[in-house]
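> Just to be clear, the model below is a prediction. Sequence and coordinates:
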Amino acid sequence: MAYGGFEAGGGQTGQHRAIKILLAGGFGVGKTTLVGAVSEIRPLRTEEPLTESSMTVDSTVGVERKTTTTVAMDFGRITLREDLVLYLFGTPGQERFWFMWDELVLGALGAVVLADTRRLADCFPAIDYFERRDIPFIVALNRFEGSRHYSIEDVRVALDLDPSLPIVMCDARSRESAKEVLITLIEHVLSVADEPVSR
């Protein structure tokens with residue numbers, strides 16, 4: 001199952017549930033920002049400064065002002081009810097860290113693929129990853145100031161996504177916007193779970 005029991009003392013209990021959700025997408029798309037905006041605790045961040053040598057490996061085209069990069073994961077927590085907690089894990093965006101995704105995805109209920117319309121192709125690896133593993137996901141288009149706006153249907157065509165897959169606009173800096181993204185994902189996961197199994 002995609003969640004398990006927990007209690008503050010570290011023991012297992014059937015009265016509490018923990019749900020794990022992944023945030024994925026390209027380098028500099030806003031995953032760290034979204035976790036920080038919505039987490040009720042100070043988020044765990046594994047950001048390190050970009051170095052000259054990393055610039056030769058990680059393209060900063062479109063994100064020239066970015067000075068740090070996530071090297072392991074971001075982690076945040078949201079208490080939905082007294083007995084229900086949501087754990088957010090932001091994946092690193094650079095290709096050289098993709099090997100960590102297989103560990104981070106274990107036990108995940110679903111995923112949000114964060115996309116930047118200035119660099120839309122950067123979210124293809126995440127979409128492909130979740131599609132191949134049958135992990136429910138949605139796409140959230142992070143609005144960057146000064147970027148050209150595209151309709152959701154134009155983005156759906158560009159990413160070759162199923163008509164039933166939710167695509168939402170968001171502002172990763174906004175707590176309310178981030179909450180709407182997560183609600184959309186949970187609703188999508190529930191709708192997928194209710195679909196009849198084809199034989």
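Thanks, I have the structure now. Residues are numbered from 1 along each chain as shown.
> In the chain, mark out all the helices, start to finish.
Assigned by DSSP state H, the helices in the chain fall at 31-38, 52-55, 101-104, 124-132, 152-159, 175-194.
> Skip the chain neighbours and tell me the closest residue to residue 158.
Distances taken as Cβ to Cβ, 6 or more residues apart in numbering put residue 120 closest to residue 158, at 5.9 Å, once the chain neighbours are dropped. All C-beta atoms are positioned from the backbone trio N, CA, C, and that covers glycine.
> and the gap between the one you found and residue 142?
Residue 120 is 11 Å from residue 142, where distance means Cβ to Cβ, to the nearest Å.
> ok so, going back, wait, the residue nearest to residue 158 touches residue 159, no?
Yes - using Cβ atoms under 8 Å, residue 120 makes contact with residue 159 at a distance of 6.9 Å.
> if we can go back for a sec, so residue 120 and residue 142 - more neighbours on which side?
residue 142 (23 against 16; other Cβ atoms under 10 Å).
> So what pairs up with residue 113 in the strands?
Taking DSSP bridges as the rule, residue 113 bridges to residue 24, residue 139.
> For it, the count of nearby residues, please.
Using other Cβ under 10 Å, residue 113 has 27 other residues around it.
> Would you mind measuring from it to residue 122?
10 Å.
> Identify the contacts common to those two.
In terms of Cβ atoms under 8 Å, 6 or more residues apart in numbering, residue 113 and residue 122 are both contacted by the residues residue 25.
> List the residues that contact the residue minimising distance to the centre of the chain.
The centre of the chain sits closest to residue 23, judged by Cα atoms, centre = their mean, with a distance of 1.4 Å. Under the criterion of Cβ under 8 Å, 6+ apart, the neighbours of residue 23 are 31, 34, 35, 74, 88, 89, 90, 91, 111, 112, 114.
> Columns distance to residue 147, pLDDT and neighbour count on top of these, output as a markdown table?
As requested, the contacts of residue 23 are arranged in a markdown table below (distance: Cβ to Cβ, whole Å; pLDDT from 0 to 100; neighbours: other Cβ atoms under 10 Å):
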| residue | distance to residue 147 | pLDDT | neighbour count |
| --- | --- | --- | --- |
| 31 | 17 | 90 | 28 |
| 34 | 16 | 93 | 31 |
| 35 | 21 | 92 | 24 |
| 74 | 22 | 85 | 23 |
| 88 | 24 | 94 | 24 |
| 89 | 26 | 91 | 23 |
| 90 | 21 | 88 | 30 |
| 91 | 22 | 86 | 23 |
| 111 | 23 | 96 | 29 |
| 112 | 19 | 97 | 29 |
| 114 | 14 | 96 | 27 |
